[in-house]
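# Dropping the sequence and predicted coords here.
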Amino acid sequence: MSEEVLLTQEGYDKIVEEHDYLVSVRREEVSQHLKEAKSYGDLSENAEYDAAKNEQAELEERIVKLENMLRNVRIVSEEEMTGEHVNLGLGVKVKDTKTKEVFTYTIVGITEADPFENKISNESPIGKALLGHRKGDTVEIETEMGTLNYKIMEIIK
């Protein structure tokens, strides 16, 4: 049995959009590449055909992965994002108690994580440790680089 995939509504919408695009547009494009490559003749020594087959396999693999996610998705509801405690879909401003640095993260499902946008996964060490805590709590976080102590300054809806 597959694990539940937690997503915000935004993340769910992006996955549905990607799936629809891959099925309705990319499949046809890849099919055309394959037909064109077949027209070049001998398939045993046809690099274009091999490349098109690889492209098709990668596309189908991604479609299956997205379909599995969609089958096992649970969208975090607005009711769960009250702002009383850190939860998926909410922002959190934290202060490192040692260095006094302040960080702002948005906790998202693993498929939505984007460190360049400060979107961290609920399964990452920091995301997992912060979940469920309230403003004012100090959270000890075990990471590969050592222990962090973050004080929750604000929960952002």
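Received, thanks.
# In the strand with the most length in the chain, which residues have enough neighbours to count as buried?
Counting by DSSP state E, the longest strand found in the chain is strand 146-156. Buried residues in strand 146-156, defined by neighbour count with 16 or more other C-beta atoms under 10 Å: Leu148, Tyr150, Ile152, Ile155. (Each C-beta comes from the backbone N, C-alpha and C, glycine too.)
# who does that strand touch, helix- and strand-wise?
With contacts taken as 3 or more C-beta pairs under 8 Å, 6 or more residues apart in numbering; DSSP states H and E, strand 146-156 sits against strand 91-96, strand 102-108, helix 125-130, strand 138-143.
# In JSON lines, list those along with distance to Asn68, mean neighbour count and mean pLDDT.
Below are those laid out as JSON lines (distance: least, C-beta to C-beta, whole Å; neighbours: other C-beta atoms under 10 Å; pLDDT from 0 to 100):
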{"stretch": "strand 91-96", "distance to Asn68": "29", "mean neighbour count": "19", "mean pLDDT": "97"}
{"stretch": "strand 102-108", "distance to Asn68": "19", "mean neighbour count": "19", "mean pLDDT": "96"}
{"stretch": "helix 125-130", "distance to Asn68": "22", "mean neighbour count": "19", "mean pLDDT": "95"}
{"stretch": "strand 138-143", "distance to Asn68": "29", "mean neighbour count": "14", "mean pLDDT": "95"}
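# Please name whichever of these is nearest to Glu80.
Set against Glu80 and scored by C-beta to C-beta, the helices and strands packed on strand 146-156 come closest in strand 102-108, at 11.7 Å.
# residues in contact with the residue nearest to the spatial centre of the chain?
With distances taken as C-alpha atoms, centre = their mean, Thr111 lies nearest the centre of the chain, 1.5 Å away. Counting by C-beta atoms under 8 Å, 6 or more residues apart in numbering, Thr111 touches Val5, Leu7, Gly11, Ile15, Met69.
# quick one: the third one and Val73, what's the gap?
Same thing as Gly11. 9 Å (C-beta to C-beta, to the nearest Å).
# the more surrounded of the two?
Gly11 (24 against 17; other C-beta atoms under 10 Å).
# Who's the closest spatial neighbour of the more buried one, skipping the chain neighbours?
Nearest non-adjacent residue to Gly11, counting by C-beta to C-beta, 6 or more residues apart in numbering: Glu112, 3.9 Å away.
# need the contact list for that neighbour.
Residues near Glu112 by C-beta under 8 Å, 6+ apart: Leu7, Thr8, Glu10, Gly11, Lys14, Lys119, Ser121.
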